[in-house]
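Return a 3D structure for these sequence lines:
(chains A and B)
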Amino acid sequence: MLSKFTASGFTRRTFLKTSAAATAALGLPKMALAAGEPIKIGFLAPLTGAVAAWGKPGLDGCEIWAERVNAAGGITLSDGAHPVEFVAYDNEYDPAKARTGATKLIREDGVSFIMMLGGDTWPGVQPVAERTGMLFSTLLPSDLSPDTTTLLAPAEVHPIYNVTGVEWLAQNKPELKTAVMCAQDDALGLPSVATYLAAFEAAGIEMLDEPLLFDPSTTDFAPVVTRLLAKNPDIICLDTCYSDYVHPIAEQLFQQNFGGQIISCTADFYDQMIAKTSKDFMEGFIFQFPDFDDPALNADTVNFDDPNGFYAEYNKRHPGQWGAVSWEYASIMDLWKAAAEKAGSADPDAVIAAMQEGPGNHAFGDAEWWGEELFGINNALVGDWPVVAIENGKATIKEFRSIPDWYNRHGDLLIKHMQDYGQMWDQRS
Amino acid sequence: MLKPLIFVLAAVALIALPHGLSFSQQEILVFLVINILLVTSYRLLTLTGEWSLGHVVIMGVGAYASALVSKELGVNVPVSILLGGITSALLAVLLSFPLFRMKGFYFLIGSFAAGEIIRLIWKRFREPFGGVRGISGIDPMPDFSLGFYSFDFFEPVSYYYFAGFVVMICLWVLWRIEKSPVGLTFHAVHWQDKLAQASGVNLRAYRTLAFAIASGFAGIAGALQGHYVGTVNPNSFDIEVMVFVLTWAIVGGTATFYGPILGCVLLTILNEIVLRELGFEQARPLIYGAIMILSILFLPNGLESIVQKVLPRKAAPSPERKAAA
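A predicted model of the protein is given here:
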């Protein structure tokens, strides 16, 4: 019997059948939902460790999202309304633990969809996704490849949106002509380096030196900053550094009297950076992630429901913890909810088909499914992205800019630099 | 008569074990089995008195080597796992030339530096190591059937049986080495080095031998992990992982063969199952750290000292006595 069970090819269909039988036998959650039964969503991201800043705030945001949706009646499928609940697993940014987490969420918790940060952890989960057909999302579209059609990047096209900040800078501060850049030498840092290089080249800003890549275990940033300042640049670019790096680098720049322009992908917990440096020093700091109390987010084109209320609630529960990902996972859930309701089902195949039927309602406006040239598959949702500047100690949206417009004009530059850094999907080992 | 019966019962228990666990616990069991080999191989090195901070990187060398030979050269996975172990052992011999010019604390720091150099090489050279992203899509162990049981190595139970079989053989070899005259000489190199040297023992050669053997088995552990997870990257073998190995060894104790295994099993269950199940998902590092400090304060000789108290007649002689024997 056991032999018969294991000898038969293990496909998604057999997996669903056998896991349903096993879960029924073991009294575990069932895959098929009964009316009114909660829809479970998996949250598989780092909740502890150096990368937790891009996991934990997202889970906090999702809990608020779930409460709001449940208060409004839940998610309406063809068999009625269902409340939604999140099941989290801390993958510690480790591929082996991510594999264990994905297995638990799918086979024990019976989730209908799994949200991930992605990056180093995705290759550990990829075989599970391919074997089970589960729908996954990543914040890092560099995880996308034609091998896994059930992986989507619906919230952000990291790092491509970074081009909007550089373009805005070039148009609004044309006197800035030179730049240097530093980044941690990892899967998040390198594609971002290639993107910033393309953006600076497109904007006619000269790079004074090769990007300075430091090891992720670096804790002393004084030598890094000293080397950056040695070239006397107009702009210092902090790439997609984790907040554990952005903060000490900004502190060092302040201590070493840098008075020029800083641009960075993120500025998580920027109030702490202001406290460590000064309001004047941080004035004009450009990055890409707004606070959701920004009035610009009340525009009709924005698809995130009640951003100001969401931000207020988040800050009430988690004061000082608002970061780049606080809203992103919740915005993915907006897309998933809309698609599941359209399909009338939480089944991964039905949801992905409904989601990709026409343009998507991205948080910052309607967007297209895109990415074949860069990622080998059109599974990234791309549209406008905000450019944010710190003004008088507060993050302020300066403008929304179109990523596809930039790519249509300078896509060849981006591909060139991505290839130089081995970041194209077909260059991955 | 009692001993064979105990062995049979233990074997039956180990075979039945995964069937009493949940899916995620089965996954954890696979990694636990691999980590048991890692920490036991580490103990062999500590027998000579040297503590390395590069053991996890050496494990990574085995993982990378096995991944590359199976992926690029099409070598059969079980053979590539063996080649991964051999590569780690050979690299250890190479590293022994600079490293064994040092002892004690200096060796510790030297091993850390050597490990970081290896990690930087993996990061810098996209060809063949995949750079910071590492290597993904590593060939899995090919499925096969024994008639009464079909192995599907995507499934944790199948891989547990395979990895468990390999690890049992490795542990038996490590056990035999420790009980052999070579193993006794390792103890002597640690505890009676001047006396051993005066007796004609080449201290450096024995340190190198212990380093190479320990590294070889760590390489096999790495290869087993790589072919299960399907990916290796430089961050999976960094100093944080090494701290876990040190913790297992210190909390378990290194005076007996089973001490580090005890530490590895109990701390893994605590960290990966108990604390997660109790809902302390995000507080785990804090609680784990506190338990570690408490165990060091109240169990300075490790968890193995409890076993020795419960089973006093089974207590192992102290390493000093072994060395002097």
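
Name the single longest helix found in chain A.
If you go by DSSP state H, chain A has its longest helix at helix A:403-420.

pretty sure A:A324 is in contact with A:G55, am I right?
No. Judged on C-beta atoms under 8 Å, A:A324 makes no contact with A:G55 at a distance of 11.2 Å. No exception for glycine: its C-beta is placed from N, CA and C like everyone else's.

between the two, who's got more neighbours?
A:G55 (28 against 24; other C-beta atoms under 10 Å in any protein chain shown).

Am I right that that one is in contact with A:L117?
Yes. A:G55 lies in contact with A:L117 (C-beta under 8 Å); the separation is 5.7 Å.

intersection of neighbour lists for the two?
Common contacts of A:G55 and A:L117, defined by C-beta atoms under 8 Å, 6 or more residues apart in numbering or on different chains, comprise A:45-46, A:325.

Which one (most neighbours) among these?
Going by other C-beta under 10 Å, A:A45 tops these with 31 neighbours.

Skipping adjacent residues, who's closest to A:G344 in space?
Spatial nearest neighbour of A:G344, chain neighbours left out: A:S78 (3.3 Å); criterion: C-beta to C-beta, 6 or more residues apart in numbering or on different chains.

cool, B:D139 as well?
Per C-beta to C-beta, 6+ apart, closest to B:D139 is B:S70, 4.6 Å.

which SSE is the one you found in?
In this assignment (DSSP states H and E), B:S70 forms part of helix B:55-72.

got the buried residues for that helix?
Within helix B:55-72, the residues scored as buried using 16 or more other C-beta atoms under 10 Å in any protein chain shown are B:55-71.

now swap in stretch B:126-143 and tell me
B:126, B:129-141, B:143.

And for stretch B:186-199?
Applying 16+ other C-beta under 10 Å to stretch B:186-199 flags B:186-193, B:196 as buried.

Start and end of that stretch, how far apart?
14 Å (C-alpha to C-alpha, to the nearest Å).

What mean pLDDT does that stretch get?
Stretch B:186-199 carries an average pLDDT of 88.

How about stretch A:265-279?
The average of the pLDDT scores along stretch A:265-279 is 95.

Convert that stretch to PDB, retaining C-alpha atoms only.
Extracted in PDB, the C-alpha atoms of stretch A:265-279 (Å, rounded to 0.1, in the frame of the first residue of the first chain):
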ATOM      1  CA  CYS A 265      16.000  52.900  -1.800                       C
ATOM      2  CA  THR A 266      14.700  52.900   1.700                       C
ATOM      3  CA  ALA A 267      14.900  55.100   4.800                       C
ATOM      4  CA  ASP A 268      13.100  52.800   7.300                       C
ATOM      5  CA  PHE A 269      12.600  54.400  10.800                       C
ATOM      6  CA  TYR A 270      14.000  57.700   9.400                       C
ATOM      7  CA  ASP A 271      12.900  59.500  12.600                       C
ATOM      8  CA  GLN A 272      15.600  57.500  14.400                       C
ATOM      9  CA  MET A 273      18.100  58.600  11.700                       C
ATOM     10  CA  ILE A 274      17.100  62.200  12.300                       C
ATOM     11  CA  ALA A 275      17.600  61.700  16.100                       C
ATOM     12  CA  LYS A 276      21.100  60.300  15.400                       C
ATOM     13  CA  THR A 277      22.100  63.100  13.000                       C
ATOM     14  CA  SER A 278      20.000  66.300  12.700                       C
ATOM     15  CA  LYS A 279      16.900  67.600  10.900                       C
END
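
so B:S305 touches B:V251, yeah?
No. Using C-beta under 8 Å, B:S305 is not in contact with B:V251; the gap is 11.1 Å.

Just want to know which of those two has more residues nearby.
B:V251 (22 against 16).

Name the helix or strand for that one, please.
Applying DSSP H and E, one finds B:V251 within helix B:239-252.

Output that helix in CSV, but only the C-alpha positions, please.
Only the C-alpha atoms of helix B:239-252 are listed here, as CSV (Å, rounded to 0.1, in the frame of the first residue of the first chain):
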residue,chain,number,x,y,z
ILE,B,239,29.4,32.8,11.4
GLU,B,240,25.9,32.8,12.7
VAL,B,241,25.4,29.2,11.8
MET,B,242,28.8,28.4,13.3
VAL,B,243,27.7,29.9,16.6
PHE,B,244,24.8,27.4,16.6
VAL,B,245,27.3,24.5,16.1
LEU,B,246,29.5,25.9,18.9
THR,B,247,26.4,26.2,21.1
TRP,B,248,25.3,22.6,20.5
ALA,B,249,28.8,21.4,21.3
ILE,B,250,29.2,23.6,24.4
VAL,B,251,25.7,23.0,25.8
GLY,B,252,25.8,19.3,25.1
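
which strands and helices sit next to it?
helix B:23-46, helix B:55-72, helix B:104-124, helix B:259-268, helix B:284-298 (3 or more C-beta pairs under 8 Å, 6 or more residues apart in numbering or on different chains; DSSP states H and E).

Does chain A have contacts with the longest one?
In other words, helix B:23-46. Yes. Judged by C-beta under 8 Å from any C-beta of the partner chain, helix B:23-46 comes into contact with chain A through B:23-24, B:27-28, B:31.

Let's see the pLDDT reported for A:M31.
45.

For the stretch 301-429 of chain A, give me the ranges with low pLDDT.
A:429 (pLDDT under 70).

In helices, which of the buried residues of stretch B:186-199 fall?
Per DSSP H, the subset of those in helices is B:186-191, B:193, B:196.

Could you export those to a markdown table, including columns for distance to chain A?
A markdown table is the format used below for those (distance: C-beta to the nearest C-beta, whole Å):
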| residue | distance to chain A |
| --- | --- |
| B:F186 | 31 |
| B:H187 | 34 |
| B:A188 | 37 |
| B:V189 | 32 |
| B:H190 | 31 |
| B:W191 | 35 |
| B:D193 | 34 |
| B:A196 | 38 |
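
quick check, nearest of the residues you listed to A:E313?
B:H190 (60.5 Å; C-beta to C-beta).

Before we move on, what's the pLDDT of the closest residue in space to that closest one that isn't next to it in sequence?
With sequence-adjacent residues excluded and distances taken as C-beta to C-beta, 6+ apart, B:H190 is closest to B:G49, at 3.5 Å. B:G49 is assigned 91 on the pLDDT scale.

A:N361: which element?
Going by DSSP H and E, A:N361 is in strand A:360-362.

Could you check the angle the helix or strand following that strand makes with helix A:403-420?
Next helix or strand after strand A:360-362 toward the C-terminus (DSSP H and E): strand A:365-370. In terms of direction (axes from the mean of the first three to the mean of the last three C-alpha atoms, to 10 degrees), strand A:365-370 departs from helix A:403-420 by 40 degrees.

which residue is nearest the centroid of chain B?
B:L38 (0.6 Å; C-alpha atoms, centre = their mean).

what sits against that one?
Per C-beta under 8 Å, 6+ apart, neighbours of B:L38: B:55-56, B:59, B:218, B:221-222, B:245.

Pull the residues that contact stretch A:290-302.
A:304, A:307-308, A:310-312, A:314, A:322, A:326-327, A:363-366, A:384, A:386, A:388, A:394-397, A:400.

can we see that at 7 Å?
A:304, A:307-308, A:310-312, A:322, A:327, A:363-365, A:386, A:388, A:395-397 (C-beta atoms under 7 Å, 6 or more residues apart in numbering or on different chains).

Out of those residues, grab the one that's most surrounded.
A:W327 (29 neighbours).

How far away from the center of its chain is stretch A:196-204?
22 Å (C-alpha atoms, centre = their mean, to the nearest Å).

same question, stretch B:46-58
10 Å.

Can you give me the end-to-end span of it?
Terminal-residue distance, stretch B:46-58 (C-alpha to C-alpha): 15 Å.
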